[in-house]
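Colleague: Pasted the sequence and its predicted model underneath.
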Amino acid sequence: MSDQENKATGYDKLVDWKIFSIPLIIFFILLMMPTPYGMKDMGTEVKIGPKAVIDSLTKTLFSKGSGDVEQWQLLTAQIMEQSMRMGILEKKPFLKRDVKWCAKYKIHATNANLKKAQAFVETLDDQAYFEMMKNALQLRSADLKYEDLTEADRERADVGAWNIKVSVGMMIIVVLCFMTECVPLPMVAFLLGLIMVFTGIWSRDEIAQLYWSDSVWFIMGSLMFSAAFVRTGVDKRICLALFNKMAAPNVKMITLVFFVIISPLAAFVSDHALAAMFLPIGILLYQNSLTKDVPEDMELAKMLMISIAMACNVGGPGAPSGGARNVIMMTYLNDMFGMDIGYFQWMIYCFPFLFIMVPLTWFLINWQFKPKITDVEPAMKFLTAQVQKMGGWNRKQIWAIIIFLIMLAGWLTEKDLFDAGWVPFRLGVGVIAVAGAVGFLMAGVVSWRDYQNIDWGVVWLYAGAIVFGRTLDSSGAAAWLARSIVDLLAPMGLDKGLPLLMTGGTITALITNLMADGPAAAAVGPVTLSLAGYAHPGTTFIPFMAMATAICASFAFCLIIGTPPNAIVYSSGYLTAKDFLRVGLVIWVVALLVVLLLAGLYWPLLGFGVLPPF
């Protein structure tokens, strides 16, 4: 970007040791402090819980310890234990497991042993199976005490508690570094990896694998295809098609169009893809709106970039296909309580969230950012001239569109094709994105030089975010945080009704800014649903809590690492971490209030089948 070339960015800054020393000191003080019992308890669950539960299940089912049973019997207990950890207590899902599912959760299984296990479980009474799973859950979450462990098991539990303590310390470093930008932000990603290896949370091989996940490939491939659109001029054609017919092409109307188009689409199409597609359009609008009198207007740039990210973020709750968090909570609800929400039913409950949030978010962004340039008609005239100069669609532009449409079709269908058994393995959205980037090269649409201008720091930044979120989830730190907050708020009377729903929603909305929305819902969902079932058993409160948790898992408005759209628009170079906080905190609070409004006024009007109201 020409107007950015000579401008100092966060990448040009050196480490501000006066500020950076603060999170470092806090981190080391935390590590040296005595470990709270709550962390030891959670460490016991994480490190000792699986073995204890599996052993208990094999003794109950086969009257033998886990070390003395046959392979298919051990497999039975392992599948039950993994299902219990996911909040799935019913028998029916067990009978649908396959070898692929077992491999996903690192359970060794053969078809022969799996068939034996399922044939055995088929003979069990449904209620007896459910009670057995409830007892296993009780053993892991309540009955298993740190002080009752053997010395060997206590040492393992201490390792789990240490991992949680380190994870919480890393969270402090991440939040303070992102708020203050006292270090180049990609450095935070590498710093996290170093901390995890030096403290023993992950090995050097494990950390390398985590940095190179499918999500990281997606960010990388998305930025590549955005570069291809810019290089070929396809971004100009799309931008002109969207905005040239507007009677008054001003900034407010442009951002409104972003929301009206992007947010509903985000309920059905990957928000990653939408952010990557609209990013070059936003950059194009900004660069071609500048004049000799106003050679730079960072408020305008920030406004356009933030609008794209927030439009993606508020659209996801509208339909089950809007994000993994929605499907996860639907699964939890069905498996833990036998309550089912259909696709269209979800939309009836949750799509009104978009109707309310789209105008509110658009208003808040226009209220927070005050650009000098408000009329973008000169940009439209310039783009018109540029497109006319191009003439008709050329070969490179046609290939760029064809390859993008193939990528889009792949993103939309790769999971369904795998689930249907039409392809033997998941490709993943990241592999498809990188395949598209390679396709642009092979078709002669771009050269590698065009890709070198990409902000690769953002790729590593998001890689660090993935590693961090995975660590919070696997170490038990996310669950420990959720329980700690619930325990803190319960004495205040926030353990029933709408206050409890908002407590669960707030916990989810906090954690989702630190890890991907799917893992956030997976980590917090069983906690919020268990609270709902305990406070208001057999009522509409339980499905309402499921939907509220899923919606709140999309509230990653505040930090760059919270969601891919944030990271993608950050790659433009126009935004700082503080810009997300500047508007994200306000939207975060407003969104929580909208969920409260829906749960308190709208959802009770619909009810939920024959369930009584809470």
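Modeller: Looks like it came in fine. Numbering: from 1, shown residues only.
Colleague: what about the strands in the stretch 101-250 of the chain?
Modeller: Per DSSP state E, counting those that start in this stretch, the stretch 101-250 of the chain carries no strands over any range.
Colleague: how about low-confidence regions in it?
Modeller: 244-248 (pLDDT under 70).
Colleague: mind listing the helices for it?
Modeller: Secondary structure of the stretch 101-250 of the chain (DSSP state H, counting those that start in this stretch): helices at 111-122, 126-138, 151-180, 185-198, 204-211, 214-232, 234-243.
Colleague: So which other helices or strands are in contact with the strand or helix carrying P50?
Modeller: Assigning secondary structure by DSSP states H and E places P50 in helix 49-62. Other helices and strands packing on helix 49-62, by 3 or more Cβ pairs under 8 Å, 6 or more residues apart in numbering; DSSP states H and E, are helix 71-85, helix 126-138. For every residue, glycine as well, the C-beta is placed using N, CA and C.
Colleague: Reformat those into a markdown table and put distance to G562 and mean neighbour count next to each item.
Modeller: A markdown table is the format used below for these (distance: least, Cβ to Cβ, whole Å; neighbours: other Cβ atoms under 10 Å):
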| stretch | distance to G562 | mean neighbour count |
| --- | --- | --- |
| helix 71-85 | 25 | 22 |
| helix 126-138 | 30 | 16 |
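Colleague: How about residues contacting the helix holding P50?
Modeller: For helix 49-62, the surrounding residues in contact (Cβ atoms under 8 Å, 6 or more residues apart in numbering) are 64-66, 69, 73-74, 76-78, 80-81, 84-85, 120, 132, 135-136, 139-140, 144.
Colleague: Quick one: closest of the helices and strands packed on helix 49-62 to Y462.
Modeller: The closest of the helices and strands packed on helix 49-62 to Y462 is helix 71-85. By Cβ to Cβ, the value is 26.8 Å.
Colleague: Heading C-terminal from that closest one, find the next helix or strand.
Modeller: Using DSSP H and E, the next helix or strand after helix 71-85 towards the C-terminus is helix 92-95.
Colleague: Can you point out the buried residues in that next one?
Modeller: Neighbour-count burial for helix 92-95, counted by 16 or more other Cβ atoms under 10 Å, picks out 93-94.
Colleague: give me the low-pLDDT residue ranges for this structure?
Modeller: Under the criterion pLDDT under 70, the flagged ranges of the chain are 1-12, 87, 244-248, 335, 490, 493-495.
Colleague: Can you give me the buried ones in the helix holding P50?
Modeller: Buried, per 16+ other Cβ under 10 Å, within helix 49-62: 49-50, 52-58, 61-62.
Colleague: Nearest to I22 among these?
Modeller: Of all the buried residues of helix 49-62, the one sitting nearest I22 is G49; the distance, using Cβ to Cβ, is 35.6 Å.
Colleague: Roughly how far does the closest one sit from L149?
Modeller: Distance of G49 to L149, computed by Cβ to Cβ, to the nearest Å: 11 Å.
Colleague: How about W162?
Modeller: Computed as Cβ to Cβ, the W162 to L149 distance reads 15 Å.
Colleague: cool, I403 as well?
Modeller: As for I403, its distance to L149 is 57 Å (criterion: Cβ to Cβ).
Colleague: ditto for V216
Modeller: As judged by Cβ to Cβ, V216 and L149 stand 38 Å apart.
Colleague: What of G600?
Modeller: In terms of Cβ to Cβ, G600 sits 44 Å off from L149.
Colleague: List the buried residues for stretch 276-295?
Modeller: 276-286, 288-290.
Colleague: Mark which of those residues are part of strands, please.
Modeller: The strands, defined by DSSP state E, take in nothing from the buried residues of stretch 276-295.
Colleague: Let's have those in TSV, adding distance to F20.
Modeller: What follows is those, written out as TSV (distance: Cβ to Cβ, whole Å):
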residue	distance to F20
A276	32
M277	36
F278	34
L279	30
P280	34
I281	36
G282	32
I283	31
L284	36
L285	36
Y286	32
N288	38
S289	37
L290	35
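Colleague: Give me the more crowded residue out of V216 and L149.
Modeller: V216 (22 against 19; other Cβ atoms under 10 Å).
Colleague: rewinding a little: tell me which of the buried residues of stretch 276-295 is nearest to K381?
Modeller: Closest approach between those and K381, by Cβ to Cβ: N288, at 9.0 Å.
Colleague: nearest residue to the closest one other than its sequence neighbours?
Modeller: Excluding the flanking residues, the one nearest N288 by Cβ to Cβ, 6 or more residues apart in numbering is A379, at 3.9 Å.
Colleague: Touching, the one you found and I283? I think so.
Modeller: No - in this structure A379 lies outside contact range of I283 using Cβ atoms under 8 Å: 11.4 Å.
Colleague: from the middle of its chain, how far away would the helix or strand containing V257 be?
Modeller: Assigned by DSSP H and E, V257 falls within helix 251-266. Here the centre of helix 251-266 is set off from its chain's centre by 22 Å, with Cα atoms, centre = their mean, to the nearest Å.
Colleague: quick one, that helix and helix 234-243 angle?
Modeller: 100 degrees (axes from the mean of the first three to the mean of the last three Cα atoms, to 10 degrees).
Colleague: Kindly export helix 251-266 (C-alpha atoms) in CSV.
Modeller: Extracted C-alpha coordinates of helix 251-266, given in CSV (Å, rounded to 0.1, in the frame of the first residue of the first chain):
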residue,chain,number,x,y,z
VAL,A,251,-19.0,6.3,3.9
LYS,A,252,-22.0,5.6,6.1
MET,A,253,-23.9,4.0,3.2
ILE,A,254,-20.8,2.0,2.2
THR,A,255,-20.4,0.5,5.7
LEU,A,256,-24.1,-0.2,5.8
VAL,A,257,-23.9,-2.2,2.6
PHE,A,258,-21.0,-4.1,4.1
PHE,A,259,-23.2,-5.1,7.0
VAL,A,260,-26.3,-5.8,4.9
ILE,A,261,-24.4,-8.1,2.6
ILE,A,262,-21.8,-9.7,4.8
SER,A,263,-23.7,-10.4,8.1
PRO,A,264,-26.5,-12.5,6.6
LEU,A,265,-24.0,-14.4,4.4
ALA,A,266,-21.9,-15.2,7.4
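Colleague: Show me what that helix is packed against.
Modeller: helix 234-243, helix 271-287, helix 298-315, helix 343-368.
Colleague: chain center to the second one: distance?
Modeller: On the basis of Cα atoms, centre = their mean, the separation between the geometric centre of helix 271-287 and that of its chain is 20 Å.
Colleague: For the helix holding V257, list every residue counted as buried.
Modeller: Buried residues in helix 251-266, counting neighbours by 16+ other Cβ under 10 Å, are found at 251, 254-259, 262-266.
Colleague: Could you dump those into TSV and include distance to G410?
Modeller: Putting these into TSV (distance: Cβ to Cβ, whole Å) gives the following:
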residue	distance to G410
V251	35
I254	30
T255	30
L256	31
V257	27
F258	25
F259	27
I262	20
S263	23
P264	22
L265	17
A266	18
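Colleague: Let me know the closest of those residues to I306.
Modeller: T255 (9.0 Å).
Colleague: That closest one: what's its closest spatial neighbour, skipping adjacent residues?
Modeller: The shortest distance from T255 to any residue other than its chain neighbours is 4.3 Å, reached at S307 (Cβ to Cβ, 6+ apart).
Colleague: cool, and G609?
Modeller: Using Cβ to Cβ, 6+ apart, the nearest residue to G609 is M339, at 8.0 Å.
Colleague: ok, A319 - contacts?
Modeller: Counting by Cβ under 8 Å, 6+ apart, A319 has contacts 267-268, 326, 343, 346-347, 350-351.
Colleague: Skipping its backbone neighbours, what lies nearest it in space?
Modeller: A267 (4.1 Å).
Colleague: now the helices: where do they sit in the stretch 501-614 of the chain?
Modeller: For the stretch 501-614 of the chain, the helices defined by DSSP H, counting those that start in this stretch occupy 517-535, 541-552, 564-570, 577-597, 603-606.
Colleague: Does Y574 touch Q287 like I think?
Modeller: No - if you go by Cβ under 8 Å, Y574 and Q287 don't touch, sitting 10.3 Å apart.
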